[in-house]
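**Q** Predicted model and sequence follow; I will ask about them next.
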Amino acid sequence: MKKLIGLFLLVALSACSHKPYVLIQDVTVFDGESLHENVNFVFLDSVIIGISPKKKRYSGAQIIDGKGMTIIPPLINAHVHVREGENLKAALQHGVFALMDMFSTDNRANALRQFNDSLSYARFYSSNVGATVPGGHGTQFRVSIPTIDDDLSAKQFVNDRIAAGADYIKLTQEHSMEKLSPQQLGDIVQAAHQQDKKVVGHISTLSDALDLANHQVDGLAHIWYRQGAIADASALISFRNNHLFIIPTLSVIQKVIESAAQNGYADRYLSFPQVQAEVRKAYTAGIPILAGTDAPNYQLNYTTQLYEELILLKACGIPDLAVLKAATTNIYQQFALPDFGLLHPNSMANFILVPGKPHEDISDLKVRMRVWKRGVEVLGS
């Protein structure tokens, strides 16, 4: 009997230890904050074991030559509208580990959350339905959604969204449509913050951006881009002092401005170089910049468009390393995401291996990458 038990244990231990260490040699690692050059990056199963210049030997390790390559943390797109599960699958294959949905129906959002435990899909976060009023932004799509009115208070709206699974609250203040009142804005933010939920506000004008900042909204979905929306020093100080972050969504704003020019109403908006200058001013003022595209508007995709968004941010005059943070750690931190963080020993082996040095040239992301989720390599882009 003892021999049988011993044999069983031996077989069980062998089964548990069949996976080898994976050692990526002589690679540069951007851990989300700092650079580590010419190091060995080691992981076993789903856990990072070490990031070290020491040439420790790992018996039977699978070795990958990382020379001339860089490991970066998971990319995230901080502003999209997800339509179906395949959007999440395609995103992960291009190194985009999460999509932050900024307005959906409760039913669709909860259906998409079912993919969150899958190894093959990007994680889905959502505000569910955005907070708006009758005739406000979001009502024009002819989809039945709850709106804040005499029959539904702002507080109840927030409570309903959180009960439905919302990860944060989205509200809309669109210049050309009906808007939330100051009382409703205050009630939304207060109700959300009481339950530790961030609030992100859709804007297109500088005046609405300042109003939301004064109401303690946590972040702006879009940079201001309407004609005349030029921020002065006092506006930037207000944003910074109110700890506001901005998701500029340059990809979609560029399309809006191009479409306006083609259709004869370019005078409604800033020029695109002016918008880029506003982003540069916000970054220089110390306001956190987060990368988001607003896909699928204007047929923007959920995959490579994020790389193009980062290139647009770089063209604003933001350094490559800061641009890389805009798609990684800035988002983790501003949204307090428990599923993402710095790469370090004992953290989950979620990372991307990129030929080149995207921290020095962000366009290197467009080169074919390899992607690991929970220590398993998924199909790269």
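**A** Yep, that arrived.

**Q** Would you mind listing the buried residues in stretch 128-140?
**A** Buried positions in stretch 128-140, judged by neighbour count with 16 or more other Cβ atoms under 10 Å: 128-133, 136-139. Where you see a C-beta, it was placed from the backbone N, CA and C, and this is true even at glycine.

**Q** which residue packs closest to residue 229, ignoring adjacent ones?
**A** Here the nearest residue to residue 229 in space, its sequence neighbours aside, is residue 206; by Cβ to Cβ, 6 or more residues apart in numbering that works out to 3.9 Å.

**Q** I'd say the one you found and residue 235 touch.
**A** Yes: with contact defined as Cβ atoms under 8 Å, residue 206 counts as touching residue 235 (6.6 Å).

**Q** Quickly list what's touching both of those two.
**A** Listed as contacting both residue 206 and residue 235 by Cβ atoms under 8 Å, 6 or more residues apart in numbering is no residue at all.

**Q** Now do the strands in the stretch 51-200 of the chain.
**A** In the stretch 51-200 of the chain, strands defined by DSSP state E, counting those that start in this stretch lie at 62-65, 69-72, 75-80, 96-101, 123-126, 169-172, 199-202, listed in chain order.

**Q** Which strands border the second one, and is each parallel or antiparallel?
**A** Using DSSP bridges, the neighbouring strands of strand 69-72 in the sheet come out as strand 22-30 (parallel), strand 351-355 (antiparallel).

**Q** just the helices in the stretch 1-150 of the chain please.
**A** Assigned by DSSP state H, counting those that start in this stretch, the stretch 1-150 of the chain shows helices spanning 2-16, 85-93, 106-112.

**Q** Next one, pLDDT for residue 9 please.
**A** At residue 9 the predicted local confidence, pLDDT, stands at 41.

**Q** which one is residue 352 nearest to, not counting chain neighbours?
**A** The spatially closest residue to residue 352, leaving aside those adjacent along the chain, is residue 95, at 4.4 Å (Cβ to Cβ, 6+ apart).

**Q** swap that for residue 186, sorry
**A** If the residues on either side of it in the chain are set aside, residue 186 comes closest to residue 215, at 5.7 Å by Cβ to Cβ, 6+ apart.

**Q** Could you check how far that neighbour is from residue 103?
**A** 19 Å (Cβ to Cβ, to the nearest Å).

**Q** Looking at the strands paired with strand 69-72, which is nearest to residue 240?
**A** Relative to residue 240, the nearest member of the strands paired with strand 69-72 by Cβ to Cβ is strand 22-30, separated by 25.6 Å.

**Q** which of the residues in that closest one are buried?
**A** By neighbour count with 16+ other Cβ under 10 Å, strand 22-30 contains the buried residues 22-30.

**Q** Next one, pLDDT for the closest residue to residue 298 other than its chain neighbours please.
**A** The spatial neighbour of residue 298 that comes closest, neighbours along the chain excluded (Cβ to Cβ, 6+ apart), is residue 255 at 4.0 Å. At residue 255, the predicted lDDT confidence score is 98.

**Q** export the strands of the stretch 51-200 of the chain to CSV and tack on distance to residue 155 and mean neighbour count?
**A** Output for these, formatted as CSV (distance: least, Cβ to Cβ, whole Å; neighbours: other Cβ atoms under 10 Å):
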stretch, distance to residue 155, mean neighbour count
strand 62-65, 53, 12
strand 69-72, 41, 23
strand 75-80, 26, 29
strand 96-101, 23, 27
strand 123-126, 20, 26
strand 169-172, 11, 28
strand 199-202, 13, 26
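
**Q** between these, which one is nearest to residue 220?
**A** strand 199-202 (5.9 Å).

**Q** Look up which residues are beta-bridged to residue 219.
**A** In this entry, residue 219 is beta-bridged to residue 200, residue 245, by DSSP bridges.

**Q** so what's residue 341 up against?
**A** If you count contacts by Cβ under 8 Å, 6+ apart, residue 341 has them with 32, 73, 332, 347.

**Q** Residue 121 contacts residue 115, correct?
**A** Yes: counting by Cβ under 8 Å, residue 121 sits close enough to residue 115 to count as a contact (4.1 Å).

**Q** Please enumerate the shared neighbours of these two.
**A** 85, 88-89.

**Q** Of these, select the buried ones using a PyMOL command.
**A** Selecting just the buried residues from those in PyMOL takes one command, with 16+ other Cβ under 10 Å as the test:
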select buried, resi 85+88+89
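
**Q** Out of the shared contacts of residue 121 and residue 115, the closest to residue 225 would be?
**A** Residue 225 lies nearest to residue 88 out of those, by Cβ to Cβ, at 28.6 Å.

**Q** ok, now which ones touch the closest one?
**A** By Cβ under 8 Å, 6+ apart, the contact set of residue 88 is 82, 99, 112, 115, 121-124, 302.

**Q** quick one: which of those residues is nearest residue 68?
**A** Scanning the contacts of residue 88 for proximity to residue 68, where the rule is Cβ to Cβ, the winner is residue 122, at 27.4 Å.

**Q** roughly how far apart are the closest one and residue 31?
**A** Shown here: residue 122 relative to residue 31, a distance of 21 Å by Cβ to Cβ.
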